[in-house]
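Peer 1: 3D model of this:
(one chain, ligands or ions: 1)
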Amino acid sequence: MDICRLTLHELRDLIRGGEVSPVQAVEAYAARIGAVDERVQAFNSLTTEAALRRARKIEGMQAKKEPLPPLAGIPLAIKDVICTKGVPTTCSSRILEHFVPPYDASVMHKLNDAGAVVLGKTNMDEFAMGSSTENSAFRKTRNPWNLECVPGGSSGGSAAAVAADMCAGALGTDTGGSIRQPGGFCGIAALKPTYGRVSRYGLVAFASSLDQIGPLAKDVRDAAILLGAIAGHDPLDSTSAEISVPDYEAALTGDVRGLKVGIPAEYFIEGMDPEVEAAIREAITTLEGLGAVRVPVTLPHTEYAIATYYLVATAEASSNLGRYDGVKYGYRTPTSEHLIDMYMKTRREGFGAEVKRRIMLGTYALSAGYYDAYYLKALKVRTLIRQDFSRAFEACDVMLTPTSPTAAFRLGEKVEDPLQMYLADVFTISANLAGVPGMSINCGFTGAGLPIGLQVIGKPFDEGTILKAAHAYEQATPWRTRRPNL
Ligand code: GLN
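Peer 2: So this is what the prediction gives:
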């Protein structure tokens, strides 16, 4: 048996049954990382020793016949934007290269309490700004399906680690698609929860009204388990919702008869890759074959989503990133003449090009004279986009769309052209603006062998129905059995 090939739920059951020990699981994944991560470059840092210590502790509990927590001994990877006490949290930025948080994010408390084991921190676009992980200050993560292609971003390290079997599951974050798009590019199950479903306490902020933490997983059941482990109200995050967390695994009934699946007209656009479109249409037919009912819907303000997002997200980022000034923590320039000089040099030397571009765009959108014309207008359009979703969801239970207009692109292909990179998020951004949950699952491959992502969007706090539909589809199709050849 190859432990690394198991899904999280299979490994969980084997650990519970005493057939695999937590130490064996950590050792197997550490060996796998050793064998393939030199090529994939998914991890920024490894915490193998701490993982082994934790695994031994869980074995001690097993020996004493103590009840095991739900994720006992499950090795996970964590995006390097989520604070981990005593473990560097760099956001793949020079400015936080040596930052070691003195506290854990709330999701880390939850995972620790659930018995999970952290293998390491994964690479990402700097401060989660990007769609290819090429904006990392440290390394270029590769797509396990084709090492010449990007894994997507910004949670590219987490997605690649899951797809390459270097962990049993991972956490990422999604502000405009950063869980779903790399999930789609890497052929895995990746879910952005409803805004407020998961605490953001201890998540380094990019755009606070859009950011959400969520799971990247080997299959839909694994995503359901991980979501259940991290979801719920947190007094430390006032935007986390006081809505009880259902048993997401129990939602996976396989029964989608009568489920109304909305097909938004605006998500099938000219210029879309024909292979992607064909795979999505085929997936819709498959769900119909399982008894789901297709309903045409419209999201009329879709064409404004990218412009709206790049005003709201950059405005919030320019404010959130004001704290990196070299004073309290993070990088500080070694030589400066006076305080203002120190601020300027620190930020000039510490931030990469894309982060600077966003700070400048956001500062401009918020500045006197432009605030009404840009930022305020963007907030109004955001409301219209949110209303589009509530109206469409009067007629359907979930919506099906492509996750991205194309499969993974080649490294370097879009780095010179930020606008092309921004356009790649056209199908994922609206869900963040509206605050609704969305998931990407694999729905086939291009002729070149790259995965194609199917996006399932749901009503606010109805992740259960997304997971049910995605799971029924996954069980009816062979895609999960294919693995990249590394
Ligand atoms: N690609 C989008 C951006 O660059 C989304 C990033 C994200 O979701 N963190 O902003």
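Peer 1: Quick one: distance of stretch 50-58 to the chain centre.
Peer 2: Distance of stretch 50-58 from the chain centroid (CA atoms, centre = their mean, to the nearest Å) equals 26 Å.
Peer 1: hang on, I meant stretch 155-162
Peer 2: Here the centre of stretch 155-162 is set off from its chain's centre by 9 Å, with CA atoms, centre = their mean.
Peer 1: and it, average pLDDT?
Peer 2: Averaged over stretch 155-162, pLDDT sits at 99.
Peer 1: Also stretch 402-418?
Peer 2: The pLDDT scores in stretch 402-418 average 94.
Peer 1: What are the buried residues along it?
Peer 2: 402-409, 411, 413-415, 418 (16 or more other CB atoms under 10 Å). The way it works is simple: take the backbone N, C-alpha and C, and place the C-beta from them, glycine included.
Peer 1: now swap in stretch 273-285 and tell me
Peer 2: Within stretch 273-285, the residues that count as buried by 16+ other CB under 10 Å are 275-276, 279-280, 283-284.
Peer 1: for the ligand, what are the nearby residues on the chain?
Peer 2: Within the chain, the residues that sit near the ligand (CB under 6 Å from any ligand atom) are 128-131, 154, 174-178, 206, 313, 425.
Peer 1: Include secondary structure and neighbour count when you put those residues into CSV, please.
Peer 2: Listed next are the residues of the chain next to the ligand as CSV, based on DSSP: H, G, I helix; E, B strand; the rest coil; neighbours: other CB atoms under 10 Å:
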residue, secondary structure, neighbour count
A128, helix, 30
M129, coil, 29
G130, coil, 29
S131, coil, 28
S154, coil, 35
D174, strand, 30
T175, coil, 28
G176, coil, 29
G177, coil, 31
S178, coil, 36
F206, coil, 26
A313, helix, 27
D425, coil, 24
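Peer 1: Pick the one among those closest to Q62.
Peer 2: Nearest to Q62, judged by CB to CB, of these is D174 at 35.1 Å.
Peer 1: do you know how far the residue in the stretch 251-400 of the chain that the ligand sits nearest to is from P484?
Peer 2: Taking CB to the nearest ligand atom as the measure, the stretch 251-400 of the chain has A313 as its residue closest to the ligand, at 5.6 Å. As judged by CB to CB, to the nearest Å, A313 and P484 stand 31 Å apart.
Peer 1: Check G184 too.
Peer 2: According to CB to CB, G184 stands 14 Å off from P484.
Peer 1: okay, those two: which has more neighbours?
Peer 2: Using other CB atoms under 10 Å, the more surrounded residue of G184 and P484 is G184, with 33 against 20.
Peer 1: what's the closest non-adjacent residue to the more buried one?
Peer 2: Excluding its sequence neighbours, the residue lying closest to G184 (CB to CB, 6 or more residues apart in numbering) is G453, at 2.1 Å.
Peer 1: does the one you found count as helix, strand or coil?
Peer 2: Assigned by DSSP: H, G, I helix; E, B strand; the rest coil, the conformation of G453 is strand.
Peer 1: Please look at it and G183 and confirm they touch.
Peer 2: Yes. Under the criterion of CB atoms under 8 Å, G453 makes contact with G183 at 6.4 Å.
Peer 1: And the two? Which one has more around it.
Peer 2: G183 (38 against 33).
Peer 1: Now do the contacts for that one.
Peer 2: Neighbour list for G183: 152, 155, 159, 172, 189-191, 216, 403, 439-441, 453 [criterion: CB atoms under 8 Å, 6 or more residues apart in numbering].
Peer 1: Could you export those as CSV, including secondary structure?
Peer 2: CSV is the format used below for the contacts of G183 (three-state DSSP):
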residue, secondary structure
G152, coil
S155, coil
A159, helix
G172, strand
A189, strand
A190, strand
L191, strand
L216, strand
T403, coil
M439, strand
S440, strand
I441, strand
G453, strand
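Peer 1: what about whatever residue of the stretch 301-450 of the chain ends up closest to the ligand, distance to Y310?
Peer 2: Distances between the stretch 301-450 of the chain and the ligand by CB to the nearest ligand atom are smallest at D425, namely 4.7 Å. Distance of D425 to Y310, given as CB to CB: 9 Å.
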